[in-house]
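>>> generate coordinates for the sequence data below:
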Amino acid sequence: MSIPQFNERGTLNKGIHQCNSSEFIDRFCYGEKTIRSKYKEVLEQLFAFGLSRGAKSIIIGGSFITSKEEPSDLDCMIVLPNEKCCTIRSNELLCVEGCEIDVLVIAESSKDSIYSFLNLFSKDKYDIEVGMVEIVLDEEKDKSTWNDYEDYYSLENLLKARDAYINRHVIRGVKESKVLVSIMNLNEYFLFNYEISPVVSAAGWTFAPYVYTGKNILNEYEQFSNWITHLYYMYETDISVFADGLGTFLLGKYLKDEVKFVKASFDKIILSKAVLSSDFDWVQEIEERKVDLIINLKDSSDKNIISEKIPKEIKSSPLLGIAYKTGFKNGNSSIIEWNYNYASCMDYFKFQNSIFPLYNMSSVIKENIDNIFLENMNEIMSKHISLNEVTFNLYKEIK
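Residues are numbered from 1 along each chain as shown. Below is the predicted model:
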């Protein structure tokens, strides 16, 4: 195993070039008190981590494996045997006196993502082909584990990987990323997202609202699908959702849509005026660990509370239904049905006092730690709503 010399551009020629850890450090961590020398200790820790989790190799890309004297960062991918080995955050960033090591931790089963990132590593910012370095941690094997990455080239996956990779440099230094997405009708909730944004942001959440017009819900689904997947790769965390009306249909279609690329996973989902079928199979999503907790706000009145017109193009969809009235049939401790009075449109006061606290209390609810709270939730919710209405009336009088 050996690393070839740099070409005239100061990069390695196309391909995955193998070496062991000592050869890599000797080649790229040279000098004393240089930018490159400061990487040595952290790299040694990185190699030890990979070995402890069963990794066969670590793949390096980026400016660190060029002729630059002071590279800005080092990009690496650690491929581990399974998901259980991936216990550190996949967007872990190690900082060494101004130098950065951007670590992508991924399981062997995620082959589409692995090959997408390899094809991404294989081109520089000018879209010119460059080489990569595979540091083999198990010296008994000298053949690259992923050397057939070009056979798995997919333009679609490459573009998604590139988008995800570029956005990896946006979010840094956050101990726990919390993302809340609202999915609501633009006409009914034009000001709603503006009103709740300060409350959500002040609580430490990244608020990413999605609004739809309802004119062509299938066309809007494509936009929604791209948006939610983009958020998932950008923030690299499970997403919490508040979906209302046809927004619940968009979310349900996303979960059941069969796509080859990895879809987003969700932490807490609260459904308002859900137009999904009562047969919607949440259990499958829970068992596949795509969803952690679902709270369906079930109508406690006898009024018709759906003001949105159901588009013709989805009337025959098996996903469509009246779960806001019937609830969901499949029982699971992660699916909670709560009675809710839809006497008026969801507003700032109702969301702040009755809905938003549920996102922070959901772990307690799911584990049934606070049984009294769970058993009396409907009463608590109704009192909150009554308080909201009083507060709202006072607010109107003041205005």
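>>> assign a three-state SS to the residue lying closest to residue 348 once chain neighbours are set aside, would you?
Using CB to CB, 6 or more residues apart in numbering and skipping the chain neighbours, the partner closest in space to residue 348 is residue 195 (4.1 Å). Any C-beta I mention is one placed from the backbone N, CA and C, and that applies to glycine too. Three states are possible here, and by DSSP: H, G, I helix; E, B strand; the rest coil the one that applies to residue 195 is helix.
>>> any idea how far residue 195 is from residue 45?
Note on residue 195: its distance to residue 45, by CB to CB, to the nearest Å, is 47 Å.
>>> ok, now residue 269?
Distance from residue 269 to residue 45, counting by CB to CB: 38 Å.
>>> dump stretch 61-70 to CSV, keeping only the CA atoms.
The C-alpha coordinates for stretch 61-70 follow below in CSV (Å, rounded to 0.1, in the frame of the first residue of the first chain):
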residue,chain,number,x,y,z
GLY,A,61,-11.4,13.4,1.5
GLY,A,62,-11.1,17.2,1.3
SER,A,63,-8.3,19.7,1.3
PHE,A,64,-6.3,17.8,3.9
ILE,A,65,-5.2,15.2,1.3
THR,A,66,-3.9,17.9,-1.1
SER,A,67,-0.6,19.8,-1.2
LYS,A,68,-2.0,22.7,0.7
GLU,A,69,0.3,23.7,3.6
GLU,A,70,-2.6,24.9,5.7
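>>> may I see the buried residues of that stretch?
Applying a neighbour-count criterion of 16 or more other CB atoms under 10 Å, one finds 61-66 buried in stretch 61-70.
>>> still on that earlier bit, higher neighbour count, residue 269 and residue 45?
Shown here are residue 269 and residue 45; by other CB atoms under 10 Å, residue 269 has more neighbours (26 against 12).
>>> follow-up on the earlier one: and which of the buried residues of stretch 61-70 is nearest residue 257?
Residue 257 has its nearest neighbour among those in residue 61, at 31.3 Å by CB to CB.
>>> for the closest one, what are phi and psi?
Main-chain torsions, residue 61, degrees, to the nearest 10: phi -140, psi -170.
>>> measure it to residue 232 for me?
From residue 61 across to residue 232, the span is 22 Å (CB to CB).
>>> got it, and residue 206?
As judged by CB to CB, residue 206 and residue 232 stand 12 Å apart.
>>> again with residue 334
If you go by CB to CB, the gap between residue 334 and residue 232 works out to 20 Å.
>>> check which helix or strand residue 13 maps to.
Here residue 13, judged by DSSP states H and E, is contained in no helix and no strand.
>>> below-threshold pLDDT in the stretch 51-200 of the chain: ranges please.
By pLDDT under 70, the low-scoring segments of the stretch 51-200 of the chain are 86-100, 138-176.
>>> ok, back up a step: looking at the buried residues of stretch 61-70, which one is closest to residue 76?
For residue 76, the nearest member of the buried residues of stretch 61-70 is residue 61. The distance, counting by CB to CB, is 7.3 Å.
>>> against residue 46, how distant is the residue nearest to that closest one when sequence neighbours are not counted?
Counting by CB to CB, 6+ apart, residue 61 lies nearest to residue 121, which is 3.5 Å off, once chain neighbours are set aside. When CB to CB is applied, the distance between residue 121 and residue 46 equals 16 Å.
>>> more neighbours, those two?
The neighbour count for residue 121 versus residue 46, taken as other CB under 10 Å, is higher for residue 121 (25 against 22).
>>> residues contacting that one?
Residues in contact with residue 121, defined by CB atoms under 8 Å, 6 or more residues apart in numbering, are 59, 61-62, 75, 77, 132.
>>> can you tell me which of the residues you listed end up in strands?
Secondary structure of the contacts of residue 121 is defined by DSSP state E; positions in strands are 59, 61, 75, 77, 132.
>>> ranges for the helices of the stretch 51-200 of the chain?
Defined through DSSP state H, counting those that start in this stretch, the helices belonging to the stretch 51-200 of the chain, from first to last, are 111-121, 155-167, 192-202.
>>> give the buried residues for the first one.
Read that as helix 111-121. Those buried within helix 111-121 under the rule 16+ other CB under 10 Å are 112-121.
>>> can those go into TSV with extra columns for distance to residue 351?
As requested, these are arranged in TSV below (distance: CB to CB, whole Å):
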residue	distance to residue 351
112	38
113	35
114	40
115	42
116	38
117	38
118	44
119	43
120	39
121	43
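>>> which among those residues gets closest to residue 25?
Nearest to residue 25 among the buried residues of helix 111-121 is residue 121, at 19.8 Å by CB to CB.
>>> any idea how far residue 16 is from that closest one?
Taking CB to CB as the measure, residue 121 and residue 16 are separated by 9 Å.
>>> which residues are common contacts for those two?
With CB under 8 Å, 6+ apart as the test, residue 121 and residue 16 both reach 59, 132.
>>> just give me the neighbour total for residue 33.
As a burial measure, residue 33 scores 6 neighbours (other CB under 10 Å).
>>> begin at 69 from now on, thanks
New numbering, starting at 69: the last item is residue 101.
>>> contacting residues for it?
For residue 101, no residue meets the contact criterion (CB under 8 Å, 6+ apart).
>>> cool, residue 97 as well?
104-105, 107-108, 111.
>>> filter the residues you listed down to just the ones in strands.
Mapping those onto strands (DSSP E) picks out no residues; all lie outside.
>>> among the residues you listed, which one sits closest to residue 327?
residue 111 (36.1 Å).
>>> state the helix or strand in which the nearest residue to that closest one once chain neighbours are set aside lies.
Among residues not flanking residue 111 along the chain, residue 93 sits closest, at 6.4 Å (CB to CB, 6+ apart). Using DSSP H and E, residue 93 maps to helix 89-96.
>>> report the buried residues of that helix.
Buried residues in helix 89-96, counted by 16+ other CB under 10 Å: 89, 91-93, 96.
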